[in-house]
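**Q** sequence unknown, structure follows:
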């Protein structure tokens, strides 16, 4: 039986991007089902397939797994040689740690720069809180590339679950024109060019939904997905 991964809008759903990249990396055969976010019936549709009411959610036979990190660990258990986590125990512990830090942190960056892959907001000055988040991300990526990245273009050389977890941050940095150090800029380019990430970016172009984040922030109302 083919697994099903439930995801949100490709252009906007950062957690869906993580879950989709992880599932692609694992090699699991799956179909994807998009549930548009920020629509009147979004919550009801998601609750029908996921108890948390959030995406991504992976159905693999009788196993239902939600939350990106839980999906990463489930897929690692099923496909331990797929490269979700590095084989080296030092690197594996580091990859899990920075992935968990991504999972639970950087709230100011998330609020100020929601993922909007195909927007362009060049020259937007980040707040001090967002700058602090970006500085920490720059530190994490530079440290990983310096210590573990000799074998390839990614955080631990080869493409891994840690890169999947940080891919939405790559999108935020790119679409907002954030300039960090040369190591980070090269990493951003490498992630966007990675075959699965590039396929997601391209697929996002054909989606029929748009969200005006600035209007929502200005009026103080919840964002609403509208058809183009």
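**A** Thanks, I have it. Source: prediction; values computed, not measured.
**Q** tell me the pLDDT of the nearest residue to residue 76 once chain neighbours are set aside.
**A** Excluding the flanking residues, the one nearest residue 76 by C-beta to C-beta, 6 or more residues apart in numbering is residue 84, at 4.5 Å. (Glycine included, C-beta is placed from N, CA and C.) Note on residue 84: pLDDT of 98.
**Q** for residue 84, pull up the helix or strand it's in.
**A** Take DSSP states H and E as the rule and residue 84 turns out to sit in neither a helix nor a strand.
**Q** next: the one 10 residues further on.
**A** Assignment of secondary structure by DSSP H and E places residue 94 within helix 89-104.
**Q** kindly report the same for residue 121.
**A** Per DSSP H and E, there is no helix or strand for residue 121.
**Q** residue 57 and residue 20: what is the separation?
**A** 12 Å (C-beta to C-beta, to the nearest Å).
**Q** same check on residue 140?
**A** From residue 140 to residue 20 the distance is 22 Å (C-beta to C-beta).
**Q** equivalent analysis for residue 192, please.
**A** Per C-beta to C-beta, residue 192 is found 15 Å from residue 20.
**Q** comparing the two, which residue is more hemmed in?
**A** Shown here are residue 192 and residue 20; by other C-beta atoms under 10 Å, residue 20 has more neighbours (28 against 17).
**Q** might you report the residue contacts of that one?
**A** Contacts for residue 20 (C-beta atoms under 8 Å, 6 or more residues apart in numbering) come out as 5, 7, 32, 56, 196, 200.
**Q** tell me the angle the lengthiest helix in the chain makes with helix 89-104.
**A** The longest helix of the chain (DSSP state H) is helix 128-148. Taking axes from the mean of the first three to the mean of the last three C-alpha atoms, to 10 degrees, one finds helix 128-148 and helix 89-104 inclined to each other by 160 degrees.
**Q** who are the packing partners of whatever helix or strand comes next after helix 128-148?
**A** Per DSSP H and E, the first helix or strand lying C-terminal to helix 128-148 is helix 161-175. Counting contacts by 3 or more C-beta pairs under 8 Å, 6 or more residues apart in numbering; DSSP states H and E, helix 161-175 is packed against helix 14-26, helix 68-78, helix 89-104, helix 128-148, helix 182-193.
**Q** could you list the low-confidence segments of the chain?
**A** 122-123, 211-228 (pLDDT under 70).
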